[in-house]
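**Q** next comes the sequence, and after it the predicted model I'd like to discuss.
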Amino acid sequence: MSETTGGHRTVTLDGNEAGFATTKLDALLNWARKNSLFQYPFATACCGMEFFSVAGPKYDIARFGAEAPRFSPRQADLLWVVGTISQRQAPVLRRIYEQMMEPKWVMAFGTCASCGGFYDNYTTVPGIDKIIPCDVYIPGCPPRPEAVLDGLMLLQAKITHGNRTPEIVKPREDPAQKYGNGSPSQNSNVTVRRSKGGEIIGGGHS
Amino acid sequence: MSEIALSRLKETFGEAILETHSYLGDDTAVVAPEQWRNVCRFLREDSVLQFDMFIDLCGVDYPDREPRMEVVAHLVSTTKNHRVRIKTRVGDSEMDGAELDSVTSIWPGADWLEREVYDMSGVTFRGHPDLRRILMYPEFVGHPLRKDYPAQKTQPLVPYRTEEEAGLPLEKLAPFREDEGMSFGRKDWTRSHGEPVTGDGVGLRSGGSHGAD
C-alpha cells in the first residue's frame, strides 16, 4: 500500500508490529546512498598521500561504507578531487564528472582543489567549482585525515537531507584548548562533535 | 673548487667566452650564442673535463637587458666529479632572434629541457628533433615565464561556470596580498614598466613547488 504526501512517496507495510519498519522511500534511498559511497579518487598531487592515509586501515573510510574505489566513473557515486587541477587537466576532470551516473557528489580535497591554493597563476584552475559542481570543500594543505572524515560525515548528513548546497568543513574545536591547559593525553577521552542548529553532524556513529 | 673548466674554456675559445666568474665554488662562464654548441661539444669531449651529464637548462628573462633572455645550463662530470654552469644570452627586446643550436646530439637528455625552455621562455632551438610545448597545452598562446606575460593571466581550456550556474560566488580570493608576501612583490611587467626589474635576485625562474608545477 502506498500513498503520496507532500511530494514524498510513503510506503506502509501491512503486518505485525514486530518485524517491520516503516520509512519514507526517499529517506531509505538516502540512507542507502550515504552508506555505500563508491568513490572515484582523482588524485593529482600531494593530497593523494593523505587520501591513502584516510583510505588505509588507520583512519579507515570503510567504516562509513566508502571503502570501494572505482576506477571507472560509471560505477562511482563520489568524485574525490584530490590535489591541484591544472588548466591542462581541466577537460579530463570535467569529462570524468560528466561520465558519472546520477546521483553523484563531488568533494574538493584540500586547498588547491577548493580554490587553487597558492597557485595563483597561468597554470592552475582556481578551484574545481569553476568547472564542475562541488558539494563539500575540505580545506588544508593537505587536510589531516580527521578533517577528511569530517568532510565525509558532512557529506553524509547532506545526503540524508537531500541538501545540495556547497559547504566547507569547519575547523574543529581543540579539546586541549577548550578544557584548559591539561596535556593532550589527559584529555584524550574528550570527544567534541561539531553541531549545527542543535543537530549533530555526522552523528550516528561512535 | 677547480676552475679548470673556466681556464680550459678561455684558452680554447678566447673571445667567445664573454665573462667568467667563480663564486662559492660555482664556476660560471658566459659564452657567445654562436659558439654555444661548440662549447658544449668541447665540454663533453675534452679529456680533462668530460662533462658527461646534462643536469638542467632554463631561461631567465631580464627585460631591461639586451640581449634579453639568458639561457643557463648546468653540467656535471661523473668521472671527474666537477661541475660548471654555462650561460648565453639571446633575443632582443621583442625576443627576435632568440635562437640557439640544440645540444641534443651531444647530450640526449637535453631534449625535454630544451622543449621546456622553448615552452616557458620562447627560445627556439635549431636542430631539435621535436620542438613543441612540453608543459603547457598546444592551445596556449605566449610563453608564461617571460616577464611581459601578465602574472595573473590564465587561458582556460574549459570555460568557467558562471555564478548563476553555480549558484554561489566564484570569485578567486588571492591567497596573498598584491606583494605575495615578499619584499620585491609580484611585478606585472606591463603595469610597472617604469620601475626596472633587475638584479639577480629578481630574475625568477619558476620556483620549486611541492607537489605540482
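**A** Right, received. Where do you want to start?

**Q** the helices in the chain, which residues?
**A** If you meant another chain, say so; for now it's chain A. Here chain A has its helices, by DSSP state H, at A:25-34, A:47-55, A:90-99, A:111-115, A:145-160, A:175-178.

**Q** try chain B instead
**A** Using DSSP H, the helices found in chain B span residues B:4-13, B:36-45, B:110-121, B:163-166.

**Q** most tightly surrounded among the helices of chain A?
**A** Comparing the helices of chain A by mean neighbour count (mean count of other C-beta atoms under 10 Å in any protein chain shown), helix A:111-115 comes out on top with a mean of 26. Any C-beta I mention is one placed from the backbone N, CA and C, and that applies to glycine too.

**Q** I'd say A:Thr44 and A:Val82 touch.
**A** Yes: taking C-beta atoms under 8 Å as the definition, A:Thr44 is a contact partner of A:Val82 at 6.7 Å.

**Q** if you count surrounding residues, which of the two has more?
**A** Between A:Thr44 and A:Val82, counting by other C-beta atoms under 10 Å in any protein chain shown, A:Val82 is the more crowded of the two (29 against 20).

**Q** contacting residues around the more buried one?
**A** Residues near A:Val82 by C-beta atoms under 8 Å, 6 or more residues apart in numbering or on different chains: A:Pro41, A:Phe42, A:Ala43, A:Thr44, A:Ala45, A:Cys47, A:Gly48, A:Glu50, A:Phe51, A:Phe109, A:Gly110, A:Ala113.

**Q** export those to JSON lines and tack on distance to B:Arg89 and pLDDT?
**A** As requested, the contacts of A:Val82 are exported to JSON lines (distance: C-beta to C-beta, whole Å; pLDDT from 0 to 100):
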{"residue": "A:Pro41", "distance to B:Arg89": "46", "pLDDT": "91"}
{"residue": "A:Phe42", "distance to B:Arg89": "43", "pLDDT": "92"}
{"residue": "A:Ala43", "distance to B:Arg89": "42", "pLDDT": "91"}
{"residue": "A:Thr44", "distance to B:Arg89": "37", "pLDDT": "92"}
{"residue": "A:Ala45", "distance to B:Arg89": "35", "pLDDT": "90"}
{"residue": "A:Cys47", "distance to B:Arg89": "40", "pLDDT": "91"}
{"residue": "A:Gly48", "distance to B:Arg89": "41", "pLDDT": "91"}
{"residue": "A:Glu50", "distance to B:Arg89": "44", "pLDDT": "91"}
{"residue": "A:Phe51", "distance to B:Arg89": "45", "pLDDT": "90"}
{"residue": "A:Phe109", "distance to B:Arg89": "44", "pLDDT": "92"}
{"residue": "A:Gly110", "distance to B:Arg89": "41", "pLDDT": "89"}
{"residue": "A:Ala113", "distance to B:Arg89": "41", "pLDDT": "90"}
